[in-house]
Every structure is written in structure tokens, then in C-alpha cells.
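Participant: coords please:
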Amino acid sequence: MNITAFILTTLAGLSTLLGTIPILIKTKKDKIIIKALSFAAGVMITVSIIDLIPEGINYLNKTFKLIPTLLITSIFIVLGIIVSMTIDKYINKDREGELYKVGIISMIAIILHNIPEGIATYLSSEFNLKLGISLTIAIALHNIPEGISIAIPIYYGTKSRGKALIYTLFSALSEPLGALLAYLFLSKIITNNIMGLLMALIAGIMIQISFYELIPTALKYKNKKETLKYIIIGTLFMITSHLLLK
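Facilitator: From the prediction side, this is the model:
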């Protein structure tokens, strides 16, 4: 195993835990929930549009022509939305409140996102250390708001900082898990097509969570202006970090 590549991937994953910092700060519940969920929604939507979908198209386009590539990408985005809606349907909404459900769904989606991300980070770092470092920084930046999207709803849905930390940690550890899978099994069998399909699928999941879970939950606190403002802030944050680290 390439230890440097594994360490970089682990650091990228553990940055998700920085998203738990807001639960340690005393502030008004309604305000922090609106800001955190709206910001996370802006980040997830932007990551899907400027990162996951273009990357998926790029991977698939190495095998297929443009029109089939776009068609396959669209199908897997829709499939991701359906998968996320199915997960949503079978999570008990009354267990510990609506916020708890949002946190669990976010955690599942981010774990699914982080595993292939960990694979990509490990393989990139193994073959090109400079690229791996750049990728680690970029992933670390967008993992922080992803951590927020888990920690805040779990904490305010259960009143337990411990649960918020544990669930966020599960998400964080999925990144080095991806690196481990890459080392043990996938480095020889992973293909451009598989990576492309995964990117499109995950984009669909994140889009569904943003529009059907994070934003509607934030809007329940009856402050549309604040919700929109933090969606825009999350969007600008991701665009800026993307451009700076490109």
C-alpha cells in the first residue's frame, strides 16, 4: 500500500468532522438549522453540477460518443434520484423527528459519495502526488459542509452531540474505506465506465437530497430570505474553491 496516498485520503475524509463544530457553539436552534441546511444544499447542488456530472461525462465519453454519453449520464442521474427517494421512503420519519431523518439520509448519500471519492484520491495520489495533494485539499473543503449536513440535523433531531459525532465519523471513515478498497480490489478492475456511472448516480442522490430534504426542511422555519442567502453562499463557496484549486 502507498502510505502517503492513504494518509492523504484519510485526511480528506476526516475533514468531514470539522462540520461538527457548529454543534459545539451555543446559538439559536432555528438560525443554525436554516443556515446549515441551506449552505449544505448549495454545496451539494454545486458539487453535482460543476464536479460530479462533468466528471461522469468525461469518464463515459472515453468509451461512448457524446449523445450516448449524455443519455447514459441522464439515466443514472434519474436512477440516483429514485434510489434516494426509496431510501427516504423506508426511513421512519417519526423515530426522532424530521431532522433526524434528514441527517440519516445525508449520511447515507455522503458515504456513497465518499467511497468512490476515496478511490479516486488514493489512485490519483499513488500515481501523481502533486495531483493527489490538490485533490485532497479540494475534497477537504467540500467535506466540511457535508459534515454540517449530517451533524446539525442529527444533533437537533436527537439532542445528542455523541450521535452527531458518531454519524459524522461514519461518513468521514468512508473516504479511507474507499482507499482500502482501491488498494485491495479495485485498482486493477475499476474502469472509466464504472467511475462515470457512479458519479452520475451520486449526483442524482445529492440533487434529490438538496431539493426534497435539505431545502424543504430549512423552509419549514419560515425564513425564505435566509434560506436563499445561505444556498447562494454555499454555491459561491464551492465555485470559489473549485476555481482556486483547479
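Participant: Please tell me how far the residue of the chain positioned farthest from its centre sits from residue 198.
Facilitator: Each residue of the chain has a distance to the centre, and by Cα atoms, centre = their mean the biggest one is for residue 65: 28.5 Å. Residue 65 sits 21 Å away from residue 198, going by Cβ to Cβ, to the nearest Å. Just so you know, the C-beta spots here come from the backbone N, C-alpha and C atoms, and that holds for glycine as well.
Participant: for residue 208, same thing?
Facilitator: Between residue 208 and residue 198 the computed distance is 16 Å (Cβ to Cβ).
Participant: Could you do residue 10 as well?
Facilitator: Remark: distance between residue 10 and residue 198 (Cβ to Cβ) = 21 Å.
Participant: Give me the pLDDT for the residue nearest to residue 35 when sequence neighbours are not counted.
Facilitator: Nearest-residue entry for residue 35: residue 230, 5.0 Å, with adjacent residues in sequence omitted and distances by Cβ to Cβ, 6 or more residues apart in numbering. Residue 230 carries a pLDDT value of 93.
Participant: Quickly find the element holding residue 230.
Facilitator: helix 224-244 (DSSP states H and E).
Participant: need the helix or strand of the chain with the lowest average pLDDT.
Facilitator: helix 187-189 (a mean of 70; mean pLDDT, DSSP states H and E).
Participant: Can you point out the buried residues in stretch 57-67?
Facilitator: For stretch 57-67, a neighbour-count test (16 or more other Cβ atoms under 10 Å) marks 57, 59, 60, 61, 64 as buried.
Participant: Residues in contact with it: which ones?
Facilitator: For stretch 57-67, contacts defined as Cβ atoms under 8 Å, 6 or more residues apart in numbering pick out 69, 70, 72, 73, 192, 193, 195, 196, 197, 199, 200.
Participant: quick one, phi psi at the closest residue to the third one other than its chain neighbours?
Facilitator: Pointing back at residue 72 there. Among residues not flanking residue 72 along the chain, residue 60 sits closest, at 5.9 Å (Cβ to Cβ, 6+ apart). Main-chain dihedrals, residue 60, degrees, to the nearest 10: phi -70, psi -30.
Participant: Likewise for residue 28?
Facilitator: Taking degrees, to the nearest 10, you get phi -70, psi 130 for the backbone angles of residue 28.
Participant: Also residue 63?
Facilitator: In terms of degrees, to the nearest 10, the main-chain angles of residue 63 are phi -110, psi -40.
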